[in-house]
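Peer 1: Everything below, folded, please.
(2 chains)
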Amino acid sequence: MPSITLPDGSQRHFDNPVSVMDVAADIGPGLAKATLAGRVNGELVDADTVLSSDAELSIITSRDDDGLHLLRHSTAHLMAQAVKQLFPEAQVTIGPVIEDGFYYDFAYERPFTPDDLEQIEKRMSELVKQKIPIQRSEIGRDKAVEFFDGLSEAYKAEIIRDIPADEVLSLYEQGDFTDLCRGPHVPSTGHLGHFKLMKLAGAYWRGDSDNEMLQRIYGTAWANKKDLKGYLHRLEEAEKRDHRKIGKQLDLFHLQEEAPGMVFWHPAGWTIYQVIEQYMRDRQREQGYKEIRTPQVVDMSLWERSGHADKFGDDMFSVETDDRKFALKPMNCPCHVQVFNQGLRSYRELPLRLAEFGSCHRNELSGALHGIMRVRGFVQDDGHIFCTEEQIQEECATFIDFLHSVYEDFGFTEIIYRLSTRPAQRVGSDADWDRSEKALADALDAKQLDWKELPGEGAFYGPKVEFSLKDCIGRVWQCGTVQVDFSMPGRLDAEYVDAGGERKVPVMLHRAILGSFERFIGILVENHEGKMPLWLSPIQLKILNITDRQREFSEKLEKSLSDQGFRVETDLRNEKIGLKIREATLLRVPYMLVVGDKEVESGKIPVRTRDAVELEPMDLETLISGLKLELASRGRETLEG
RNA sequence: GCCCAUGUAGCUCAGGGGUAGAGCACUUCCUUGGUAAGGAAGAGGUCAUCGGUUCAAUUCCGAUCAUGGGCUCCA
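Peer 2: Numbers count the residues shown, from 1 in each chain, chains lettered A, B, ... in the order given. All right, here's what the predicted structure looks like:
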């Protein structure tokens, strides 16, 4: 008879087989009430699962991550049940758990409306009140197909048909609704309730744009009311950091209808851009890169040879003259190969690192555009390293270190690493792909980075490592990349002479750290909530006088600071100091220097930060040296100390 | 490109078949005030664009463009 071991090591003995729920009840009625499922010998099971032999058991409640996952999954089923009751003609498809919630895709004759959403949510709450038991049953594959065909659930039946015939499937039944599901689920709908339906969207069946579009409903679900409220509040706060909102507030840039997906940079935004560009230029020089500049408009034949016209022709902006067809360059690599190809290269020149702040244009699908994160005209901090096969590993390793030190200077610590491997449509031999994929994987492993593979997501000419950052609401954006390319140099006739006097084709590494200035600045703004570190702030200091009597002193102070290279402005308007401080604070100016009669007399300057911290008045030399330290350390040391 | 939503003053938004309204910003005047909004007056809009319905459209309908949320795509 079963002897159950709990996570704390204690054991309970039973004379007869017991369910997870029985054990929970044996421990205490409170726990039984909270029980959602169990983990038996490491495997997650329903609460009514019966244990007939000795086992290790942990009771799963909504406090566990597993419990929360279950809750979300069951809420997705609850939503499906509500949808089926309200719209019997709707067909169910899939409904997985995602970060913070779930979604479910339905096929229906018309799109759901926001009103429908409200109805569905209401019905869900009613079903929760009814505390409908959720029960598992098992069924053979063919029987399952028959069952769902019988319900006219064509999508479910299609999914099941793809499952091997000898597999036993599980069904979960809650009242009038039954769904195919691996489970486990919570014992009854009564355990659910802290959810909210978030948004409606279209989504292709099986993620394929050739298929019909389904109606997707996104929802969020939490263990209790407080967590749900907390989540909604966090979302609201995060939206305040949206780069489009801050871009407007701080007058950084704008976009307009006449140039969709192209950025108009304003003085403040362009200041940030230029500081970053100069920083990257300096860092790249240190790293042995040579900066170049290549044309914007290049004959289509080059893109045909490189393979881009074939794969991306539709997305290129073309320019036709009387008898020639050109394209706005969508990327820089083929142009960099042209630079490499001038003159006969020696192996002694390798690795040759060429860099360009390369302006590119791509006619992205209209629906893909997003603020300044995904645009049609952008500038890459592009670089190509021409090297021998033996040099790949070290170049990749050096590059990864370089990237890390740059990201650190900008204040990014959370980086997502992914390795994208060979896609179906590609150029180059499998042997080349084997070698280049391994080279990248080895480089990541050598740095002991936690990376994930994205099978089939590589570029058509080679595999790539992607370095991604998150925006304010957690969306992941690729910024940096390093890619190994055995194909393009050969296609574009790049050659060098090796030590033995023989002509060889070099390997090409494509790499970027920021990715594009546009996207990187967007992410940067969101991550800092617009409070850019001193070295990146468009206006670093603002001098605010109290009355006209300090006009001359203020102007002198401005000149002293500006002579030292600081970006400083003076607000001499006939306005009250409270207003001047308010406006400078809203512009996220790091330091405000308030000048009144007292300061003119003492020569000591009080500094107020954008976070309303007031520093001890200091003399000009102290201020300047403190600011310089903050700049040089890129904010690791601050004037505040 | 596909699905849904949105488009009204520089910005944030309200309104609604009879040619428009608030707050902030802007301009002028008063105020020289010590740490997040001093006061008053004024100016400002082909209600995204193009068509349709109507005696009448900014409002209803359709198309287009753009933006937002997803999907797909992302060299």
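Peer 1: who does the residue nearest in space to the middle of chain A bridge with?
Peer 2: Residue closest to the average C-alpha location in chain A (CA atoms, centre = their mean): residue A:476, at 0.8 Å. Residues in a beta bridge with residue A:476, per DSSP bridges, are residue A:470.
Peer 1: so who does it touch?
Peer 2: Residues near residue A:476 by CB atoms under 8 Å, 6 or more residues apart in numbering: A:416, A:468, A:469, A:470. (C-beta placed from N, C-alpha, C; glycine too.)
Peer 1: Sort out which one of those lies nearest RNA strand B for me.
Peer 2: Distance to RNA strand B across these (CB to the nearest atom of the strand) is lowest for residue A:468, with 10.3 Å.
Peer 1: The closest one: neighbouring residues, count only.
Peer 2: Other residues near residue A:468 come to 18 when the count uses other CB atoms under 10 Å.
Peer 1: Give the next helix or strand downstream of the longest helix anywhere in chain A.
Peer 2: Using DSSP state H to define each element, chain A has its longest helix at helix A:65-86. Moving toward the C-terminus from helix A:65-86, the next helix or strand (DSSP states H and E) is strand A:91-92.
Peer 1: That following strand pairs with which strands, parallel or anti?
Peer 2: Here strand A:91-92 has these sheet partners by DSSP bridges: strand A:101-107 (antiparallel).
Peer 1: residues making contact with the strand it pairs with?
Peer 2: A:72-73, A:75-76, A:79-80, A:83, A:87, A:90-96, A:112, A:154-155, A:195, A:198, A:203, A:205, A:212, A:214-221.
Peer 1: and the stretch 401-550 of chain A, which residues reach RNA strand B?
Peer 2: For the stretch 401-550 of chain A, the residues in contact with RNA strand B (CB under 7 Å from any atom of the strand) are A:459, A:460, A:473, A:475, A:510, A:546, A:547, A:548, A:549.
Peer 1: Just to check, the third one is in contact with residue A:238?
Peer 2: Yes: distance between residue A:473 and residue A:238: 4.8 Å, which falls inside the contact criterion (CB atoms under 8 Å).
Peer 1: thinking again about what came up before, how close does the residue nearest to the centre of chain A get to residue A:467?
Peer 2: Separation of residue A:476 from residue A:467 (CB to CB, to the nearest Å): 11 Å.
Peer 1: shared neighbours of these two, which are they?
Peer 2: Common neighbours of residue A:476 and residue A:467 (CB under 8 Å, 6+ apart) are residue A:416.
Peer 1: all strands for the stretch 1-150 of chain A, in order.
Peer 2: With DSSP state E, counting those that start in this stretch as the criterion, the stretch 1-150 of chain A has strands at A:3-5, A:11-13, A:18-19, A:37-40, A:43-46, A:50-51, A:55-60, A:91-92, A:97-98, A:101-107, A:135-140.
Peer 1: what lines up beside the first one in the sheet?
Peer 2: In the sheet containing strand A:3-5, its partner strands are strand A:11-13 (antiparallel), strand A:55-60 (parallel), by DSSP bridges.
Peer 1: Output these in a markdown table; the columns should cover mean pLDDT.
Peer 2: Output for the strands paired with strand A:3-5, formatted as a markdown table (pLDDT from 0 to 100):
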| stretch | mean pLDDT |
| --- | --- |
| strand A:11-13 | 92 |
| strand A:55-60 | 95 |
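Peer 1: okay, the ones you listed, which one's buried deepest?
Peer 2: Among these, strand A:55-60 has the highest mean neighbour count (mean count of other CB atoms under 10 Å), at a mean of 20.
Peer 1: can you give me the offset of that strand from its chain's centre?
Peer 2: Taking CA atoms, centre = their mean, to the nearest Å, one finds the center of strand A:55-60 at 36 Å from the center of the full chain.
Peer 1: angle of it against helix A:65-86?
Peer 2: Strand A:55-60 and helix A:65-86 are oriented at 60 degrees to each other (axes from the mean of the first three to the mean of the last three CA atoms, to 10 degrees).
Peer 1: who touches strand A:55-60?
Peer 2: Strand A:55-60 is contacted from outside by A:2, A:4-7, A:20, A:23-24, A:27, A:31, A:35-42, A:44, A:51, A:66-67, A:70, using CB under 8 Å, 6+ apart.
Peer 1: buried subset of the residues you listed?
Peer 2: A:2, A:4, A:20, A:23-24, A:27, A:35-40, A:44, A:51, A:66-67, A:70 (16 or more other CB atoms under 10 Å).
Peer 1: and RNA strand B, which of those contact it?
Peer 2: Among the buried ones among the contacts of strand A:55-60, no residue lies close to RNA strand B (CB under 7 Å from any atom of the strand).
Peer 1: Residue A:220 contacts residue A:196, doesn't it?
Peer 2: Yes: contact criterion CB under 8 Å: residue A:220 and residue A:196 qualify, at 5.6 Å.
Peer 1: between the two, what contacts are shared?
Peer 2: Counting by CB under 8 Å, 6+ apart, the contacts common to residue A:220 and residue A:196 are A:228, A:232.
Peer 1: Which pLDDT value belongs to the closest residue to residue A:204 other than its chain neighbours?
Peer 2: Once flanking residues are discounted, residue A:204 sits nearest to residue A:211: 5.0 Å by CB to CB, 6 or more residues apart in numbering. On pLDDT, residue A:211 comes in at 96.
Peer 1: Using the record's domain definitions, break chain A down for me.
Peer 2: Using automatic domain parsing, the domain ranges for chain A come out as A:3-61, A:66-237, A:255-294+A:330-528, A:534-632.
Peer 1: Nearest to residue A:641, out of the ones you listed?
Peer 2: Checking the domains of chain A against residue A:641 by CB to CB gives domain A:534-632 as the closest, at 8.5 Å.
Peer 1: Now do the closest one, average pLDDT.
Peer 2: Averaging pLDDT along domain A:534-632 yields 97.
Peer 1: For the residue of the stretch 301-450 of chain A found nearest RNA strand B, give its distance to residue A:202.
Peer 2: Proximity of the stretch 301-450 of chain A to RNA strand B (CB to the nearest atom of the strand) peaks at residue A:367, 2.1 Å away. Counting by CB to CB, the gap from residue A:367 to residue A:202 is 10 Å.
Peer 1: the more surrounded of these two?
Peer 2: Between residue A:367 and residue A:202, counted using other CB under 10 Å, the more crowded position is residue A:202 (11 against 6).
Peer 1: With adjacent residues omitted, what lies nearest to the one residue in the stretch 51-200 of chain A that gets nearest to RNA strand B?
Peer 2: When scored by CB to the nearest atom of the strand, the stretch 51-200 of chain A has residue A:111 as its residue closest to RNA strand B, at 3.5 Å. What sits nearest to residue A:111 in space, not counting adjacent residues and going by CB to CB, 6+ apart, is residue A:215, at 5.7 Å.
Peer 1: before we move on, what about residue A:606?
Peer 2: residue A:617 (4.4 Å).
Peer 1: got a list of contacts for whichever strand or helix holds that neighbour?
Peer 2: Of the helices and strands defined by DSSP H and E, residue A:617 is found in strand A:614-618. With CB under 8 Å, 6+ apart as the contact definition, strand A:614-618 has outside contacts at A:599, A:602, A:604, A:605, A:606, A:607, A:608, A:609, A:626, A:639, A:640.
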